[in-house]
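Asks: For reference, the sequence and a predicted model appear below.
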Amino acid sequence: MATAATTTSVIPGIAAHGKIVKITCKRNMRVIIRRDYGNTPDVPARTKGHPSPPKQSASNRQPAQPHTRGHVDNAIQHELAEAQFIAGDLADHMFGHLVPTDMAKDILKQFIADGVVEIYDSSSQTPKKPLGPKSKRVRKALAAAFKDARAHGCIRSDSDAVVTETQSVQADKKQGKGKKSKQQANPYSWRWRDFPREPIGEDKLVAFLNHITDRALEVAKPRLDSNCKVRNRFAAPQDKYHGVPLSYEPDGEDMRPDFLVLPVEAFSPDFKTVYPKYVNFTALRAVGESKNKDFTSGLDQVHRYARGIRRAQPWVHFVVALTVTRSRLALVRGDGSGTERLELALSDGRGCIELIRILLGIALAEGDDLGQSSE
């Protein structure tokens, strides 16, 4: 640093890092600090870390982060806060190529004739007595249910059967009989005769699901493609007190779905026995939870089960789950981006059509229809 030509005085000083430097004071009071030769750059004695806070996640365990059931459920709800979507056409999108809407309607029509499904009319003089299977009101109720199901579907079909089935409803509208108030627009209530009543037992529910699936398959068999065959079946865990193995939970959390969907290889030829080696999270095709009334709790639990399948089967594209109460059903499809959900009322005509489609679709589904990777 150049020195000034004026008279100066040298005063010893101390730099910020503790070393002596020379301070030259000029008469005009300007101060110039000369660098001391041999000085090393300042190096902090201690570096204070500022780590990012642990991410609230149900899948990534952090130090000192509990993984109890309550914490896992809360974390999953946090992850899915803005990633849950209602999809009215989910069943048609997933299984419409296997069970079209008109096929499901024809199966339901046969179920009504066989007494498997009963229809009640709240506007009749005997609202607690089921309608006759061949009555005009049953035909109108079935046509309305079919129209509702088609309106919510994503795979449309304009076959002659559609026109024939809705002719009576259109004729009534032309005569003015269809002009009713909104409260009276759908006076029909549907009931599955053998559906287990409260409390819903796991074994009874699985027996009902398989029974409906088998009967639906029997009705639909003449119309099914030659490549269609039963590939999956519902089962209930035999062990009622311990979790289903191989869920790979971080803290070994026990998870036991109320019912499972397993490949037919997991059953004996008569379907009466389930081989224990298949009852684990690496072999599950879908999971389900049954509740008497608490629909939301059932959804929370199937979200945990779906997470368990993705941990045990990281190759799957998505996971399928079901929640069943005595009056409602939900079909859930989840992947890494969130969940889609179809909610149905079991006492509704469209709900009956979609239930048939879901059960038969799951039974006939190939691996990729349920999210399994083909590679």
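Replies: That came through fine.
Asks: From Phe318, how far out is the most centrally placed residue in the chain?
Replies: Residue closest to the mean C-alpha point of the chain, counted by Cα atoms, centre = their mean, is Val332 at 2.8 Å. To Phe318, Val332 is 10 Å away according to Cβ to Cβ, to the nearest Å. In short, each C-beta sits where N, CA and C put it, glycine included.
Asks: now Pro187
Replies: Separation of Pro187 from Phe318 (Cβ to Cβ) stands at 38 Å.
Asks: ok, these two, which is more surrounded?
Replies: Phe318 (19 against 15; other Cβ atoms under 10 Å).
Asks: wait, what's in contact with that one?
Replies: Arg333, Gly334, Asp335, Gly371 (Cβ atoms under 8 Å, 6 or more residues apart in numbering).
Asks: Given the one helix or strand the second one maps to, what are its sheet partners and their directions?
Replies: Gly334 belongs to strand 328-335 when elements are defined using DSSP states H and E. Partners of strand 328-335 in the sheet, by DSSP bridges, are strand 319-324 (antiparallel), strand 338-345 (antiparallel).
Asks: I'd like those strands written out as CSV, with mean pLDDT and distance to Val230 added.
Replies: Listed next are these as CSV, based on pLDDT from 0 to 100; distance: least, Cβ to Cβ, whole Å:
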stretch, mean pLDDT, distance to Val230
strand 319-324, 98, 17
strand 338-345, 96, 23
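Asks: Which of those sits closest to Tyr305?
Replies: Closest to Tyr305 of these is strand 319-324 (Cβ to Cβ; 6.2 Å).
Asks: Which parts of this structure are helices?
Replies: Assigned by DSSP state H, the chain shows helices spanning 69-79, 90-95, 101-114, 136-152, 160-174, 202-220, 295-312, 349-364.
Asks: Which of the ones you listed has the lowest mean pLDDT?
Replies: Mean pLDDT is lowest for helix 160-174 out of the helices of the chain, coming in at a mean of 44.
Asks: before we move on, the earlier item: who is the residue nearest to the centre of the chain paired with across the strands?
Replies: Ala321, Arg341.
Asks: From Arg215, how far out is it?
Replies: Val332 is 25 Å from Arg215, by Cβ to Cβ.
Asks: again with Ser123
Replies: Distance, Ser123 to Arg215, using Cβ to Cβ: 30 Å.
Asks: quick one on the thing from earlier: can you name the residues in contact with the strand holding Gly334?
Replies: Contacts of strand 328-335 (Cβ under 8 Å, 6+ apart): 90-91, 94, 295, 298-299, 302-303, 306, 317-323, 339-346, 351, 355, 358, 371.
Asks: now it: mean pLDDT?
Replies: Mean predicted lDDT for strand 328-335 stands at 96.
Asks: How far off centre is that strand?
Replies: From the chain centre to the centre of strand 328-335 is a distance of 4 Å (Cα atoms, centre = their mean, to the nearest Å).
Asks: Stretch 274-283 now?
Replies: Worked out by Cα atoms, centre = their mean, stretch 274-283 lies 21 Å from the chain centre.
Asks: what's the neighbour count on Gly153?
Replies: 21.
Asks: Show me which positions of stretch 341-360 end up buried.
Replies: If you call a residue buried by 16 or more other Cβ atoms under 10 Å, then stretch 341-360 has these buried ones: 341-344, 346-360.
Asks: Next: stretch 328-342.
Replies: The neighbour-count check on stretch 328-342 (16+ other Cβ under 10 Å) flags Arg328, Leu329, Ala330, Leu331, Val332, Arg333, Gly334, Thr339, Glu340, Arg341, Leu342 as buried.
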